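Undergrad: What would the 3D arrangement of this be:
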Amino acid sequence: MNNLTNTPSAWSPFRIPVFRMLWMATLISNIGTWMHDIGASWLMTTLSPTPVMVALIQTATTLPIFLLAMPAGALADIVDRRSYLIVVQLWLALVAGLLGFMTLTGVTSAWSLIALTFAMGIGSAMMLPAWAAITPELVPRNELQSAIALNSLGINMARTIGPALAGVIVSFAGTGAVFVLNALTYFLVIFALVRWRREAPISELPSERFFSALRSGFRFARHAPDLQAAIIRGFGFFLFASASWALLPLLVKSLENGGPQTFGILVASIGAGAVIGALSLPQLREKISRDSLVALAAVVYACTMFALATFDQLIFLCLAAGVSGIAWITVLSSLQVAAQMALPNWVRSRGLAVFMAVFMGSMAFGSLLWGKVAEITSISESLMIAASGAVIATLLTWRWHISGIENVDLTPSMHWPTPMVHEGVSHDRGPVLVTIQYMVRNDKTSEFLTMIRELSKRRRRDGAFAWGVFEHTEKPNHFIESFSVDSWLEHLRQHERVTHADRVLQTELHTLLVSGSEPVVTHYVAPKFAIAKTKK
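TA: Presented below is the predicted three-dimensional model:
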C-alpha cells in the first residue's frame, strides 16, 4: 500500500528513468510549442491587427480542448495510452509542418492561420488528458505531487526559453522557421514514447465502449465533490486571468518600439516567474493550505493585471509579468494536483478532461470576451475590469475547498467478494438491481442515514444510475439500500472500481449496525422476455 505520509524530495521523480526521459523530451517539445504560439500570435498582428482577430488565436488554441477534451479522455481510458499518444504526436507534427511550409511560401492568410491553429488545438485536445493521466503510471503515489510540480517546472522553463528564442528567430528568419522547428520537436517525444515499455493495468473484463465510457466519465464528475471543487475554483480564476494572455500581443504592439523581441521578453518573464513559483511551491504548501494559496495567488495575479494596464516602461512590465508567472503557476499547479488526487486510475483521463475542458473553455470564452471589451473600451480598461472580476470570483468560490484531498486513498481495494451467478447471467444482461439489508442500532439511525447518503455518491460515481434507501414498515431500524446499474458487466466493473477510501467508509457504516449482524447483499438481473409467436 502506498505511503501517503512521506514527503519525498522535489527532485526525487528524476530518479525514475522513464519519467526523466519523457520529461526531457517534453521540455524540448514545449519549447517548440511556445515558439509556435509566439510566432502565431505575432504573425496575426501583421496579418490582421485587431483585438478580436488577435484574441481569436488564443481562442483557436483553447476552444478545441473545451470541445474535445472529454471524448479524448474517454479514448485515453479505454485504449493503450502509449500508442494513442504516438498517433497524436504525429498529427501535431504534420499540422505544424504544413503551417511552416505555407508561411515560408507566403500563402498564409489570417483565416488559414486560425484554421491551422485550430487544427493544432485539436491535437492538443486529444493529447492533454492522456498525457496528464500517464504521470501516476510513471511515479509512486507519494511522489505524484513532486512529479506534477516538475512537469509544471518544465512547462515554465519552456515558457522562459521558447518566447525569447522565438523573438530572435522571428526577427532574423521569420515565423515560418519557428513553425518548422516546432514540428521537428514532436519527433523527440515520439522517440521517447516508443522507448517506454508501458505496463497496462490488468483486468479480466473487456474494455469499456466509447459512448459508455463517456457516460461513466460524466457520471463520475457529477458525483465527485473533490473534483468539482477544483473545477469551480479553476473556472472562477481562468475566465478572468485569460485577459492578460489574450491582450498581451496588442499591449506590446502599443508600446514604443514594441516588436517580436519585446513580446518574447515579456512572455519569457512570465515563464521565469513561473519557474521561481514552481520551485517555491513545496515550501509554500508546508506553511499555507492549498485553499489559501490559490486565493492569495489569484489576488496577486489580479494586481499584476492592474500593473500591466498601468505601466508603459519595459522594465516594470517585465517585473509585473514575472510576478504574474509566480501567481499563475501557483494556481494552476495547485488545482491540477487537487484534480489528480480526486481521481482513481480507471477514470483519470476523463476526469482530467473535464477539468481541462473547463480550464480551456474559460480561456477561450474569456479571450473573446476581453478582446471585445478592449474594442469597446481600451486594452488598459479591459485588463482592469478583468482584474476586478478575478478578485470578486475568488471571494465567491472560496466555499469550495481543495485541501485535504491528498489524504484520500483512491487505489482499488478489491474488497467486494465476487458475486455468485448461475450460467444464464451473461455480461450483457441488465439492468441489475443490488440490495443491501442493514439492521441499525436504535441510537445510530441518524448517523447511519448521514453516512449512507455519502455512500450513495460513491455508488453513483462508480456506475449506478439509480439509488435509494428504504425503512421496513414493520421492523424499526431495518433498512434496505438499493442501486441499479446498466448491465452485469457494469456491476463487475463496480467491483474493480471500489477504493480503499470506500472501504473505510463502509467499515465505519458497519460499526453502526446491531452487534452480530452483517449487511445482506442480494443481486437481481432483469429477465429475458421471450416474444411469443402466433400462427396465422
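Undergrad: Could you use CA atoms for every contact and neighbour count after this?
TA: Noted.
Undergrad: May I have the phi/psi pair for the closest residue to Ala229 other than its chain neighbours?
TA: Excluding the flanking residues, the one nearest Ala229 by Cα to Cα, 6 or more residues apart in numbering is Trp400, at 5.0 Å. Main-chain dihedrals, Trp400, degrees, to the nearest 10: phi -90, psi 110.
Undergrad: Could you do the one 10 residues further on as well?
TA: Leu410 has phi and psi values of phi -100, psi 20 when expressed as degrees, to the nearest 10.
Undergrad: With adjacent residues omitted, what lies nearest to the residue nearest the centre of the chain?
TA: The residue lying closest to the centre of the chain (Cα atoms, centre = their mean) is Leu352, at 3.3 Å. If the residues on either side of it in the chain are set aside, Leu352 comes closest to Pro129, at 5.8 Å by Cα to Cα, 6+ apart.
Undergrad: Please identify the buried residues of whichever helix or strand that neighbour is part of?
TA: Using DSSP states H and E, Pro129 sits within helix 110-138. Going by neighbour count (16 or more other Cα atoms under 10 Å), the buried part of helix 110-138 is 110, 113-136, 138.
Undergrad: hang on, the earlier thing: what's the neighbour count on the residue nearest to Ala229?
TA: 16 (other Cα atoms under 10 Å).
Undergrad: and what of Ala241?
TA: 26.
Undergrad: ok, back up a step: quick one: contacts for the residue nearest to Ala229?
TA: 229-230, 232-233 (Cα atoms under 8 Å, 6 or more residues apart in numbering).
Undergrad: now those residues as JSON lines including pLDDT?
TA: As requested, the contacts of Trp400 are exported to JSON lines (pLDDT from 0 to 100):
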{"residue": "Ala229", "pLDDT": "93"}
{"residue": "Ala230", "pLDDT": "93"}
{"residue": "Ile232", "pLDDT": "94"}
{"residue": "Arg233", "pLDDT": "94"}
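Undergrad: Leu513: which of the residues you listed is nearest?
TA: Using Cα to Cα, Ala229 comes nearest to Leu513 of the contacts of Trp400, at 32.5 Å.
Undergrad: Look at that closest one and give its secondary structure.
TA: helix (DSSP: H, G, I helix; E, B strand; the rest coil).
Undergrad: Would you mind measuring from it to Phe359?
TA: 13 Å (Cα to Cα, to the nearest Å).
Undergrad: tally of neighbours for Asn257?
TA: Residues within reach of Asn257, counting by other Cα under 10 Å, total 10.
Undergrad: Wasn't it part of a helix?
TA: No: counting by three-state DSSP, Asn257 is located in no helix; its state is coil.
Undergrad: Check the secondary structure at Ser484 for me.
TA: Strictly by three-state DSSP, Ser484 counts as strand.
Undergrad: So what are the structural domains in the chain, by residue number?
TA: Following automatic domain parsing, the chain resolves into domains at 12-198+208-407, 432-525.
Undergrad: ends of the shortest one, how far apart?
TA: Spelled out, it's domain 432-525. 4 Å.
Undergrad: can you check the longest one too?
TA: Length of domain 12-198+208-407, first residue to last, Cα to Cα: 20 Å.
Undergrad: you'd agree the residue nearest to Leu352 is up against Pro71?
TA: No: between Pro129 and Pro71 there is no contact under Cα atoms under 8 Å: 9.7 Å.
Undergrad: any shared contact partners between the two?
TA: With Cα under 8 Å, 6+ apart as the test, Pro129 and Pro71 both reach Arg350.
Undergrad: Which neighbouring elements make contact with the helix or strand hosting Leu293?
TA: Under the criterion of DSSP H and E, Leu293 resides in helix 290-310. Helix 290-310 sits against helix 225-253, helix 314-341, helix 379-396, with contacts defined as 3 or more Cα pairs under 8 Å, 6 or more residues apart in numbering; DSSP states H and E.
Undergrad: re earlier: for Pro417, which of the domains of the chain is the nearest?
TA: domain 432-525 (8.0 Å).
Undergrad: centre of the chain versus that closest one, how much separation?
TA: Relative to its chain's centre, domain 432-525 lies at 31 Å (Cα atoms, centre = their mean, to the nearest Å).
Undergrad: quick one on the thing from earlier: next secondary structure element downstream of the helix holding Pro129?
TA: Per DSSP H and E, helix 110-138 leads on to helix 144-173 as the next helix or strand towards the C-terminus.
Undergrad: Who are the packing partners of that next one?
TA: helix 17-47, helix 110-138, helix 175-195, helix 260-287, helix 314-341.
Undergrad: Distance to Ser378 and mean pLDDT added to those helices, as JSON lines?
TA: Formatted as JSON lines, those follow (distance: least, Cα to Cα, whole Å; pLDDT from 0 to 100):
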{"stretch": "helix 17-47", "distance to Ser378": "17", "mean pLDDT": "86"}
{"stretch": "helix 110-138", "distance to Ser378": "23", "mean pLDDT": "87"}
{"stretch": "helix 175-195", "distance to Ser378": "28", "mean pLDDT": "91"}
{"stretch": "helix 260-287", "distance to Ser378": "19", "mean pLDDT": "79"}
{"stretch": "helix 314-341", "distance to Ser378": "18", "mean pLDDT": "89"}
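Undergrad: Could you export these to a markdown table, including columns for distance to Lys528?
TA: Output for the helices and strands packed on helix 144-173, formatted as a markdown table (distance: least, Cα to Cα, whole Å):
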| stretch | distance to Lys528 |
| --- | --- |
| helix 17-47 | 50 |
| helix 110-138 | 39 |
| helix 175-195 | 47 |
| helix 260-287 | 57 |
| helix 314-341 | 41 |
